[in-house]
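Trainee: Predicted model and sequence follow; I will ask about them next.
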Amino acid sequence: MATSDPALSAEPAEIDLSPSSRRLGELLIKGILGLAALVSLLTTVGIVASLLLPALEFFAEVKPWEFFTGTNWAPLFEPASFGVVPLIVGTFSVTFWALIVAIPAGLGTAIYLSEYASPRVRRVVKPIIEILAGIPTVALGFFALVFITPAIQDIWPGFLGQSPGIFSVAAAGLAIGLMIVPIIASVSEDAMSAVPGGLREGAYALGATRARVATKVVFPAALSGIVASIILAVSRAIGETMIVLLAAGNTPNSDLLQNFNPVESIQAMTSFIGSVATGDIGTGTITYKTVFAVAALLFLMTLLMNLLSIRLVRRYREVYE
Amino acid sequence: MARGDYSPSTARATIGVAGARGVTREMLSDQPRGDVIRNTVFAAILLLAVSLALVGLGLLIADNLIDGWSRLNLDLITQGTSSLPANAGLRSALIGTLWIMAFVVLFIVPIGIGAAVFLEEYAGRDSRFARAVELNIQNLAAVPSIIYGLLGLAFVARAPLNLGFVVLTASITLALLVLPIVILVAREAIRAVPPSIREGSLALGATQWQTVRHQVLPAAIPGIATGVILALSRAIGETAPLIPLGAATFITFDPSGPLSGYTALPLQIFDWAKQPSDEFRVLAAAGIIVMLALLISMNAFAIWLRNHYEQRW
């Protein structure tokens, strides 16, 4: 479109749109709001500092090699022994039993809600799953102690040997499994719902059944989100304190394989912290430093998993949204 | 096509369409028999998976109701802490939880809303600072709660803040724990306010803060309130972070203010649950029912609030 009219092609006159005053009040408000946003960054700095300083002091007294490879955990005894491996293995064992329930239940729920359920069923089922996510863990731990453990004892087949005692890693694991089902279900369902409808319709048009569409089309397309949900769930299970504290007992197993025996009582990293770090431990004592060293390790493990799962979730968002 | 104005030709067309649909369905339903069976089995497995979580939740509630039934009366909330199960109740714990939550609200409302407004309205969604804070918040939301307890022990109960084991220590720690929830929900509520509202306000000469204060925030308040309630209901049920904060000890008085010693609802339940005696376990079950009733009604209120006041643009 060519115009020869000089009035239209001329540069428009500069209009000054800047505010007439510097608006210091506005700047002040922006500064205050920025401080509020800074609180979250400071929280992270605070967590790292509060864990790292005592942990470094701990490693000045205990060799890192002994801590990370030793299989005897007896920090409160004389002579003390600081091999953290039994706590890590104990933590993984609880997580393992939790995932055995939570992966099938969580993924099944996600597939059902995203591929099978009618809107009406979804409106009923989703809030109930959300209620489960809101149950305080002390209630789940108590449930494991007074319901799941006795139930396992009742149905325990004799040929498997000794039945579980008051504390068992499997009972705690099942309760944690119940706790993380909503995480797996909701994050996976998000990922599955983000799979474009066209992929599904294409498969249906080719005559695929719902089961085939769900397992061969939606599931692979949502895989990164599903993996993210499981990693997030693992990180929650590792960090869960009350359930292991109430239901898994508090005995570290030097025989590492025994940690995976469902009827054994174990000690996890969190239950060590929760049982020792009551308000009256003295700052600067070796017990205090030990607690913070274990907590630093726990924080590092969950941090890596969280970052990995955040990255995976971003990936599916980028592909489909 | 409105029903009723059937001419012979449209009737014929309707029959034709119905026939074509039938044929298509017939052809498409000709799936391999194995697939059809597998589909049915798969659906059954999915239903089983869904019911696992629902049954678990149902059993948890039913079991606590049955176990705690004999203590679910007014004595449960009027009696204080006691070493005798018959005299023990939740009064001190409930008062403690109320005090803690009052100060949690004082912290999370201004800081949570301030952070959300800054990130959405001032920082620019793609600025480096906003992205760093966003990643940081997502990560904080998944830090194990016991670690917040250690943070509170190291920095709030002891130097530098040195508050000791009082209500305020618990409030600050729990506020930091639930702040990510408030910020995430508040940001969503603010994002849901359409840009045209802001542009209209700015075009009329309002400053950015006037726009936020008089246009954006009023429209986002229902969403923000929902976030605050959800955060509080999370904070009420948290036990682990309070263990290092000295609340696990037995108290014989009612908490009376921000600098008073305290116990809290979930800790009292934890304390009872640990006791080997059956009478205390009955109390623990009854306490859990009280706590669940409180939390579920708070959540129901939050959902109602969201549905009732949510603005559709």
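Mentor: Received, thanks. Residues are numbered from 1 along each chain as shown, chains lettered A, B, ... in the order given.
Trainee: Which single residue of the stretch 101-250 of chain A ends up nearest chain B?
Mentor: Proximity to chain B, evaluated over the stretch 101-250 of chain A using C-beta to the nearest C-beta, is greatest for A:G108 at 2.2 Å. Where you see a C-beta, it was placed from the backbone N, CA and C, and this is true even at glycine.
Trainee: Report the contact partners of that residue.
Mentor: A:G108 is in contact with B:45-46, B:48-50, B:52, counting by C-beta atoms under 8 Å, 6 or more residues apart in numbering or on different chains.
Trainee: And the next helix or strand past the helix or strand hosting B:G223?
Mentor: Secondary structure from DSSP states H and E places B:G223 in helix B:217-237. Following helix B:217-237 in sequence order, the next helix or strand is helix B:265-274 (DSSP H and E).
Trainee: check whether that next one contacts chain A.
Mentor: Yes - part of helix B:265-274 sits close enough to chain A to count as contact by C-beta under 8 Å from any C-beta of the partner chain, namely B:266, B:269-270, B:273-274.
Trainee: per-residue confidence for the residue of the stretch 101-250 of chain A closest to chain B?
Mentor: Confidence at A:G108, expressed as pLDDT, is 96.
Trainee: And the helix holding B:G223, what does it pack against?
Mentor: Helices and strands touching helix B:217-237, as assessed by 3 or more C-beta pairs under 8 Å, 6 or more residues apart in numbering or on different chains; DSSP states H and E, comprise helix A:137-143, helix B:91-117, helix B:167-191, helix B:265-274, helix B:278-309.
Trainee: Let me have the ones you listed in a markdown table, adding distance to A:L51 as columns.
Mentor: Shown next, in a markdown table, are these (distance: least, C-beta to C-beta, whole Å):
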| stretch | distance to A:L51 |
| --- | --- |
| helix A:137-143 | 22 |
| helix B:91-117 | 22 |
| helix B:167-191 | 14 |
| helix B:265-274 | 23 |
| helix B:278-309 | 30 |
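Trainee: A:K126 is nearest to which of those helices?
Mentor: In this view, the helices and strands packed on helix B:217-237 are compared for proximity to A:K126 by C-beta to C-beta, and helix B:278-309 is the closest at 11.2 Å.
Trainee: show me the contacts for B:I236.
Mentor: Counting by C-beta under 8 Å, 6+ apart, B:I236 makes contact with A:136, B:97, B:101, B:265-266, B:291, B:294-295, B:298.
Trainee: any idea how far B:L230 is from it?
Mentor: 11 Å (C-beta to C-beta, to the nearest Å).
Trainee: just to revisit the earlier point, which of the three states applies to the residue of the stretch 101-250 of chain A closest to chain B?
Mentor: In terms of secondary structure, A:G108 is helix; the call rests on DSSP: H, G, I helix; E, B strand; the rest coil.
Trainee: Quick check: mean pLDDT of stretch B:147-155?
Mentor: 94.
Trainee: er, stretch A:124-142 I mean
Mentor: When pLDDT is averaged over stretch A:124-142, the result is 92.
Trainee: Next: stretch A:292-306.
Mentor: Computed over stretch A:292-306, the mean pLDDT rounds to 96.
Trainee: can you check stretch A:236-244 too?
Mentor: Along stretch A:236-244, the predicted local confidence has a mean pLDDT of 95.
Trainee: That one and chain B in contact?
Mentor: Yes - Stretch A:236-244 comes into contact with chain B when judged by C-beta under 8 Å from any C-beta, the residues involved being A:236, A:238-242.
Trainee: Just those: which are in helices?
Mentor: When helices are assigned by DSSP state H, the members of the residues of stretch A:236-244 next to chain B inside them are A:236, A:238-239, A:242.
Trainee: Greatest separation within those: which pair is it?
Mentor: Within these (distances taken as C-beta to C-beta), the two that end up farthest apart are A:I238 and A:M242, at 13.8 Å.
Trainee: neighbour count winner among the two?
Mentor: For A:I238 against A:M242, the residue with the higher neighbour count under other C-beta atoms under 10 Å in any protein chain shown is A:M242, and the figures read 33 against 22.
Trainee: For the more buried one, which non-adjacent residue is closest in space?
Mentor: Distances taken as C-beta to C-beta, 6 or more residues apart in numbering or on different chains place A:T137 nearest to A:M242, at 4.2 Å, with adjacent residues excluded.
Trainee: what's near enough to touch the one you found?
Mentor: Under the criterion of C-beta under 8 Å, 6+ apart, the neighbours of A:T137 are A:179, A:240-243, B:237, B:239-240.
Trainee: Now tabulate the residues you listed in a markdown table and tack on distance to B:F253.
Mentor: Compiled in a markdown table, the contacts of A:T137 are given as follows (distance: C-beta to C-beta, whole Å):
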| residue | distance to B:F253 |
| --- | --- |
| A:M179 | 34 |
| A:E240 | 32 |
| A:T241 | 27 |
| A:M242 | 26 |
| A:I243 | 31 |
| B:G237 | 24 |
| B:T239 | 21 |
| B:A240 | 24 |
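Trainee: Now for residue 51, how many residues are close by?
Mentor: Chain wasn't specified; assuming chain A. 24.
Trainee: let's do chain B instead
Mentor: B:S51 has 16 neighbours, counted by other C-beta under 10 Å.
Trainee: And it, which helix or strand is it part of?
Mentor: With secondary structure defined by DSSP H and E, B:S51 is part of helix B:33-68.
Trainee: in that helix, what counts as buried?
Mentor: Within helix B:33-68, the residues scored as buried using 16 or more other C-beta atoms under 10 Å in any protein chain shown are B:39, B:42-43, B:46, B:49-54, B:56-57, B:60-61, B:63-64, B:67-68.
Trainee: Touching, B:V50 and A:S114? I think so.
Mentor: No - in terms of C-beta atoms under 8 Å, B:V50 does not count as a neighbour of A:S114; the distance is 11.9 Å.
Trainee: in the stretch 101-250 of chain B, which segments are predicted with low confidence?
Mentor: Low-confidence segments of the stretch 101-250 of chain B (pLDDT under 70): B:125, B:247-250.
Trainee: make it 80
Mentor: For the stretch 101-250 of chain B, the stretches flagged by pLDDT under 80 are B:124-126, B:159, B:246-250.
Trainee: Next up, the contacts around A:A296.
Mentor: Counting by C-beta under 8 Å, 6+ apart, A:A296 touches A:51-52, A:55.
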